[in-house]
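Asks: What follows is a predicted structure for the sequence shown.
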Amino acid sequence: MVNYVEAAVVPLRNDGTIKLHGAEAFEGMRRAGRLVAECLDELTDLVKPGVPTQVIDDFVYQFAIDNNALPATLGYKGYTKSSCISVNHVVCHGIPGEKPLRDGDIVNIDVTLIVDGWHGDSSRMYMVGNVKRAAERLVDVTYEAMMRGIEAIRPGSTTGDIGHAIQEYAEGERCSVVRDFCGHGLGQLFHDAPNILHYGSPGEGIPLKPGMIFTVEPMINLGRPQVKVLSDGWTAVTRDRSLSAQFEHSVGVTETGCEIFTPSPKGLLPPRSER
């Protein structure tokens, strides 16, 4: 049984119910989404060979403070950084550090900024220097998979329709979809119901209704889908050491379809436009 509630009249906690948001919430998400997208745009010139990922994280923190925002990951469940930076075979939740980026790396940078209580959550892939064609193709496939999932969003569709669109395309391109992580409800909570799986069957899952806000963030592997979490408790890597890529948008279900809250203000998506 799926329970939908008006977000404005329920306590601010994840109790499994699905919150339906109004016009004020959508405006708050636009502000938060635009700021995080601006941050990701600004990172484009910083992601270069020789740059330690901690330098990127420092930029994210300062960008947030300079714009009267807060990084949502900083202090979240003990996490000590302002972003997640995942390089090559790291699937997600990579911890920034002093190791520099290398020519040929592909890197996902995941940033969530809190603006006036609303969470803007987005991630992108960046290609460092001269990237091999297989890695470049994986990035292209992952972006297209995300967008196909988003195109399936409309009232009357289901979360299974989103997952199916992503899975059908990615597997048709001889890649695999990670099952261990998923998208999630969003708004004034960082993680809320429902979970958005990036695989599934048409018509299955939770029916979509106007006012729902969530992320679509598929993780696509060049090899097999299995992952493992390292001893730090955060960093997830591919078990077969194959490359992994991810893109993420925050979206809201409208009366006629879907609104993306985190498009690139500079038009740097799809990713080939970054180079």
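Replies: Nice, thanks for sending it over. Bear in mind the structure is a predicted one, so any value in this text is a computation, not a measurement. Residues are numbered from 1 along each chain as shown.
Asks: pretty sure Ser123 is touching His93, no?
Replies: No - here Ser123 lies out of contact with His93, judged by Cβ atoms under 8 Å, at a distance of 10.8 Å. Just so you know, the C-beta spots here come from the backbone N, C-alpha and C atoms, and that holds for glycine as well.
Asks: list the residues that contact both of those two?
Replies: Cys84 (Cβ atoms under 8 Å, 6 or more residues apart in numbering).
Asks: Mind checking which of those two has more residues around it?
Replies: A count of neighbours by other Cβ atoms under 10 Å puts Ser123 above the other of Ser123 and His93, at 25 against 22.
Asks: Quick check: closest non-adjacent residue to the more buried one.
Replies: Nearest residue to Ser123, sequence neighbours excluded (Cβ to Cβ, 6 or more residues apart in numbering): Asp110, at 3.7 Å.
Asks: Helix or strand: which one has the one you found?
Replies: For Asp110, the host element (DSSP states H and E) is strand 106-115.
Asks: Could you do Ala170 as well?
Replies: Assigned by DSSP H and E, Ala170 falls in helix 159-172.
Asks: what's the nearest residue to the residue nearest the centre of the chain if we skip its chain neighbours?
Replies: The C-alpha lying nearest the average C-alpha coordinate of the chain belongs to Glu248 (Cα atoms, centre = their mean; 2.7 Å). With Cβ to Cβ, 6+ apart as the criterion, Glu248 has its nearest non-adjacent residue at 3.4 Å, and that residue is Glu217.
Asks: what angle sits between the helix or strand following the strand holding Asp110 and strand 106-115?
Replies: Following strand 106-115 in sequence order, the next helix or strand is strand 118-127 (DSSP H and E). Strand 118-127 and strand 106-115 are oriented at 160 degrees to each other (axes from the mean of the first three to the mean of the last three Cα atoms, to 10 degrees).
Asks: Quick check: what element follows strand 118-127 along the chain?
Replies: Counting by DSSP H and E, what follows strand 118-127 is helix 133-151.
Asks: Next, the angle from that next one to helix 159-172.
Replies: 160 degrees.
Asks: Name the residues that touch helix 133-151?
Replies: 104, 106, 125, 127, 131, 162-163, 165-166, 169-170, 173, 175, 177, 198, 216-220, 222, 243-249, 251, 258, 260, 269-272.
Asks: 7 Å - rerun?
Replies: 106, 125, 127, 162, 165-166, 169-170, 173, 175, 198, 216, 218, 220, 222, 243, 245-247, 249, 251, 258, 260, 270-271 (Cβ atoms under 7 Å, 6 or more residues apart in numbering).
Asks: Stretch 87-94 too?
Replies: 84-86, 105-107, 178, 181, 219, 227, 234-238, 241-244, 246.
Asks: And that stretch, how far out from the chain middle?
Replies: 13 Å (Cα atoms, centre = their mean, to the nearest Å).
Asks: And for stretch 220-234?
Replies: Centre to centre, stretch against its chain (Cα atoms, centre = their mean), the figure for stretch 220-234 is 16 Å.
Asks: Just the buried positions in that stretch, please.
Replies: Neighbour-count burial for stretch 220-234 flags 220-222, 225, 227, 234 (criterion: 16 or more other Cβ atoms under 10 Å).
Asks: Of the residues you listed, just say which sits nearest to Pro71.
Replies: Pro71 has its nearest neighbour among the buried residues of stretch 220-234 in Trp234, at 15.1 Å by Cβ to Cβ.
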